[in-house]
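**Student:** 3D, please:
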Amino acid sequence: MRSVIAVAVAAALLACVAVGALTATTEKRMRLVVHVARVHEEAEIEGEFVARSSPESPLFRQFLTRAELRELVRGKDESVRAVMAYLREIGATGVELVRSGDAIVGDVTTGVAAGLGYHGRGRQSVELPAAVAAHVRSAIVVGLRERRGAKKHAQWSGSSSSSGYAPSSGSASSGYAPSSGSASSGSGSSGQPGMTQTPSTIRQRYAVPEPSALPTFLANYTQGVAEFEGEYFADSDIAAFTTQYGMPNLSIPVMGPNTPSADADATEGTLDLEYIAAMSGARIPTWWLAQNTNNNDPGNIDFSLWCEQVASQTPMPYVVSISWGSGYERYVNDTQVMVADNDGFRKLGLLGVSVFAASGDSGPGVRSEEFNCNTFTPSWPSSSPYLTSVGATYANSTSDEEVSVNWSGGGFSTQFTRPSWQAAAVKKYFEVASASLPPQSFYAANGRGYPDVSALGANFDVVVAGQWQLVSGTSAASPTFAGVVSLIVAERLAKGQSALGFLNPKLYQLGRVGYDVVEGASVDTNC
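**Tutor:** Alright, predicted model coming up:
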């Protein structure tokens, strides 16, 4: 199957959407997540993940059941008891042990959170008293705050966005007509480069079979899209999209909230659903995998708990796409927060789930309240070494080569070193691109490089709130790429084979799947 995968760390490295200031909020109770000491050592758990993700391993793609995962990662009994007792002492409410048995969550007052050292912004690791600290891997406070005012959505005019990766919206006028699927060339009405993309033009480019030619899939096979910050979708929009493009009604099981409100948004979630589903002609049920963060600060998204929720669904989706994220400064370079997220993504990989994340729409310089032209700010979670990062491209016609859009996110993690599976590809990238790269002081040359792959991400034809519009962003590319991979996973499972799990070691071993995107460049226009 032909696809656009730039395994040699794609040239996508930029964008122009800044992250705006947060709206005023009123703090309430805070979520305290305590990751307890485990029975098995970290090296053993990591070894199990590597063994099931590495092509050279005899355990390659022999994934764990949920019961086996719990046995591998569960907390020590005495640690669970100690943390439970401590949370009762400080008056925590809603205390519960997560399904995998290695973390305990509860809600505490803002005063208790402040006493632990919480500074009142986003997720932050805190220190617990010495009597309980020996039973803890990390303790993280997640701010729960009410919204005030409308959640702003990213626009190409440069207005603020509460999420670093919200899709860029093109023309959304009521008079805009949906595309018939013809291949118009040049810049679309959104002002973004490239032709309008529809389900049919994308399937044509990537040689995806027409839905009528697809094999029979297992009845309980599912895929999913991650949603946060009160995002919602309308059944009427999904129905209008599937009708326009000759697809049956899409089955959408829902995890978490899906509630329209004046201060919520529907564009991101609707885009995600429409295009991950379109790759199969809406034949694969698609989970709406939402987490109620109860605030509009992307720094409060707890990917570790979200992964726990995803792993608990029945049937569990084997391919998921994340279009959300922000710059590292949202986490105040708090490594423990990122390690907790990595642990969640690793758990999904051990279960055989393939996780994809949009690489961001701000190139190497994700911006928030802080503005710094001396160094690039990597994006999260796309730079996690436990998922597959997806950049964006455009094409002027169905036959033209794809080109990296100049805003597609990418770069090198400052928190996590380069994994061995991408060492050769990054070495080649530096050899080829060294003359055109910025000063090395701007990035961590030994860090995990991202994105891993790329796909079309400009001028996607979507319908939101009954209006047809063109939307661009890596948040269009990620569900599209995930949708294509999901077809492969569905076919494998129908044949009695395993899912694919964490893809990167195999992708980089292959060296190239489809073709490299070698045209286009990214420049941080903020500097």
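**Student:** tell me the contacts of the most centrally placed residue in the chain?
**Tutor:** The residue lying closest to the centre of the chain (Cα atoms, centre = their mean) is residue 322, at 2.5 Å. By Cβ atoms under 8 Å, 6 or more residues apart in numbering, residue 322 lies in contact with 225, 226, 303, 355, 356, 357, 358, 381, 387, 478. In this view, the C-beta of every residue, glycine as well, is placed from N, C-alpha and C.
**Student:** identify those among the residues you listed that sit within strands.
**Tutor:** 225, 226, 355, 356, 357, 358 (DSSP state E).
**Student:** was I right about the second one contacting residue 302?
**Tutor:** What it means is residue 226. No - counting by Cβ atoms under 8 Å, residue 226 sits too far from residue 302 to count as a contact (11.8 Å).
**Student:** these two: which has the busier surroundings?
**Tutor:** residue 226 (32 against 22; other Cβ atoms under 10 Å).
**Student:** what pLDDT does the closest residue to that one other than its chain neighbours get?
**Tutor:** Using Cβ to Cβ, 6 or more residues apart in numbering and skipping residues adjacent in sequence, the residue nearest residue 226 is residue 322, 4.2 Å away. Each residue has a pLDDT score; the one for residue 322 is 98.
**Student:** can you redo the ones in strands among the contacts of residue 322 as a markdown table with pLDDT?
**Tutor:** Output for those, formatted as a markdown table (pLDDT from 0 to 100):
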| residue | pLDDT |
| --- | --- |
| 225 | 98 |
| 226 | 98 |
| 355 | 98 |
| 356 | 98 |
| 357 | 98 |
| 358 | 97 |
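**Student:** among those residues, which one sits closest to residue 414?
**Tutor:** Of all those, residue 357 has the smallest distance to residue 414: 17.3 Å, by Cβ to Cβ.
**Student:** which residues does the closest one contact?
**Tutor:** Counting by Cβ under 8 Å, 6+ apart, residue 357 has contacts 321, 322, 323, 325, 381, 382, 384, 387, 388, 389, 390, 478.
**Student:** try 10 Å
**Tutor:** Neighbouring residues of residue 357 by Cβ atoms under 10 Å, 6 or more residues apart in numbering: 165, 226, 303, 320-325, 345, 379-384, 387-390, 409, 450-452, 474-475, 478, 482.
**Student:** which residues in the stretch 301-450 of the chain form helices?
**Tutor:** 303-311, 335-350, 423-433 (DSSP state H, counting those that start in this stretch).
**Student:** mind putting those helices in a markdown table, mean neighbour count included?
**Tutor:** Compiled in a markdown table, those are given as follows (neighbours: other Cβ atoms under 10 Å):
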| stretch | mean neighbour count |
| --- | --- |
| helix 303-311 | 23 |
| helix 335-350 | 23 |
| helix 423-433 | 14 |
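**Student:** these: which one's closest to residue 54?
**Tutor:** Of the helices of the stretch 301-450 of the chain, the one closest to residue 54 (Cβ to Cβ) turns out to be helix 335-350, at 11.5 Å.
**Student:** distance between the ends of stretch 287-305?
**Tutor:** Stretch 287-305 has an end-to-end distance of 17 Å (criterion: Cα to Cα, to the nearest Å).
**Student:** let's have the chain start at 39 instead
**Tutor:** With the count now opening at 39, the last piece we talked about shows up as stretch 325-343.
**Student:** just to revisit the earlier point, shared neighbours of residue 264 and residue 340, which are they?
**Tutor:** Contacts common to residue 264 and residue 340, judged by Cβ under 10 Å, 6+ apart, are residue 329.
**Student:** so can I have a markdown table of the helices of the stretch 339-488 of the chain showing distance to residue 231 and mean pLDDT?
**Tutor:** Below are the helices of the stretch 339-488 of the chain laid out as a markdown table (distance: least, Cβ to Cβ, whole Å; pLDDT from 0 to 100):
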| stretch | distance to residue 231 | mean pLDDT |
| --- | --- | --- |
| helix 341-349 | 31 | 97 |
| helix 373-388 | 32 | 97 |
| helix 461-471 | 21 | 94 |
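**Student:** remind me which residues of the stretch 389-538 of the chain are low pLDDT?
**Tutor:** 403-410 (pLDDT under 70).
**Student:** show me where it has strands.
**Tutor:** Ranges of strands within the stretch 389-538 of the chain are 392-396, 417-418, 426-432, 441-442, 449-455, 485-488, 491-494, 498-502, 505-510, based on DSSP state E, counting those that start in this stretch.
**Student:** which strands and helices sit next to the fifth one?
**Tutor:** Just to be clear, that refers to strand 449-455. Where contact means 3 or more Cβ pairs under 10 Å, 6 or more residues apart in numbering; DSSP states H and E, strand 449-455 is packed against helix 373-388, strand 417-418, strand 485-488.
**Student:** can you do 6 Å?
**Tutor:** strand 485-488 (3 or more Cβ pairs under 6 Å, 6 or more residues apart in numbering; DSSP states H and E).
**Student:** pLDDT wise, what is the residue nearest to residue 418 when sequence neighbours are not counted at?
**Tutor:** Among residues not flanking residue 418 along the chain, residue 363 sits closest, at 5.5 Å (Cβ to Cβ, 6+ apart). Residue 363 is assigned 90 on the pLDDT scale.
**Student:** residue 363 and residue 429, how far apart?
**Tutor:** 13 Å (Cβ to Cβ, to the nearest Å).
**Student:** which one's more surrounded, these two?
**Tutor:** Between residue 363 and residue 429, counted using other Cβ under 10 Å, the more crowded position is residue 429 (34 against 31).
**Student:** these two touch, right, the more buried one and residue 492?
**Tutor:** Yes - contact criterion Cβ atoms under 6 Å: residue 429 and residue 492 qualify, at 4.0 Å.
**Student:** quick revisit: make CSV out of the helices of the stretch 339-488 of the chain and add distance to residue 181.
**Tutor:** Formatted as CSV, the helices of the stretch 339-488 of the chain follow (distance: least, Cβ to Cβ, whole Å):
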stretch, distance to residue 181
helix 341-349, 14
helix 373-388, 12
helix 461-471, 36
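**Student:** now for the ones you listed, which one comes closest to residue 232?
**Tutor:** Residue 232 lies closest to helix 461-471 among these, at 22.8 Å (Cβ to Cβ).
**Student:** got phi/psi on residue 230?
**Tutor:** Phi and psi for residue 230, reported as degrees, to the nearest 10, are phi -90, psi 150.
**Student:** which residues touch it?
**Tutor:** The contact partners of residue 230, by Cβ atoms under 6 Å, 6 or more residues apart in numbering, come to 496, 497, 510.
**Student:** the first one touches residue 432, doesn't it?
**Tutor:** So that's residue 496. Yes - using Cβ under 6 Å, residue 496 is in contact with residue 432, at 3.8 Å.
**Student:** neighbour count for the two, which is higher?
**Tutor:** With neighbours defined as other Cβ under 10 Å, residue 496 and residue 432 compare such that residue 496 has more, 30 against 24.
**Student:** residue contacts, the more buried one?
**Tutor:** Contact partners of residue 496, counting by Cβ under 6 Å, 6+ apart, are 230, 232, 432, 443, 510.
**Student:** cutoff 8 Å now
**Tutor:** 226, 228, 230, 231, 232, 235, 430, 431, 432, 443, 510, 514.
**Student:** how about residue 388?
**Tutor:** Residue 388 touches 86, 87, 90, 101, 102, 107, 110, 539, counting by Cβ under 8 Å, 6+ apart.
**Student:** make a markdown table from those residues and add secondary structure to it.
**Tutor:** Shown next, in a markdown table, are the contacts of residue 388 (DSSP: H, G, I helix; E, B strand; the rest coil):
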| residue | secondary structure |
| --- | --- |
| 86 | helix |
| 87 | helix |
| 90 | helix |
| 101 | coil |
| 102 | coil |
| 107 | helix |
| 110 | helix |
| 539 | coil |
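**Student:** hey, C-alpha coordinates of stretch 233-251 in PDB?
**Tutor:** Extracted in PDB, the C-alpha atoms of stretch 233-251 (Å, rounded to 0.1, in the frame of the first residue of the first chain):
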ATOM      1  CA  MET A 233      -5.700  21.100  -3.700                       C
ATOM      2  CA  THR A 234      -8.800  20.400  -1.700                       C
ATOM      3  CA  GLN A 235      -8.600  16.900  -0.100                       C
ATOM      4  CA  THR A 236     -11.600  14.600   0.200                       C
ATOM      5  CA  PRO A 237     -11.900  11.000   1.200                       C
ATOM      6  CA  SER A 238     -11.700  10.000  -2.500                       C
ATOM      7  CA  THR A 239      -8.600  12.100  -3.300                       C
ATOM      8  CA  ILE A 240      -6.800  10.800  -0.300                       C
ATOM      9  CA  ARG A 241      -7.700   7.100  -1.000                       C
ATOM     10  CA  GLN A 242      -6.600   7.600  -4.600                       C
ATOM     11  CA  ARG A 243      -3.200   9.000  -3.600                       C
ATOM     12  CA  TYR A 244      -2.400   6.300  -1.000                       C
ATOM     13  CA  ALA A 245      -3.900   3.400  -3.100                       C
ATOM     14  CA  VAL A 246      -6.400   2.600  -0.400                       C
ATOM     15  CA  PRO A 247      -9.000   0.200  -1.900                       C
ATOM     16  CA  GLU A 248     -12.500   1.600  -2.300                       C
ATOM     17  CA  PRO A 249     -14.700   0.600   0.600                       C
ATOM     18  CA  SER A 250     -16.600  -1.900  -1.600                       C
ATOM     19  CA  ALA A 251     -13.300  -3.800  -2.200                       C
END
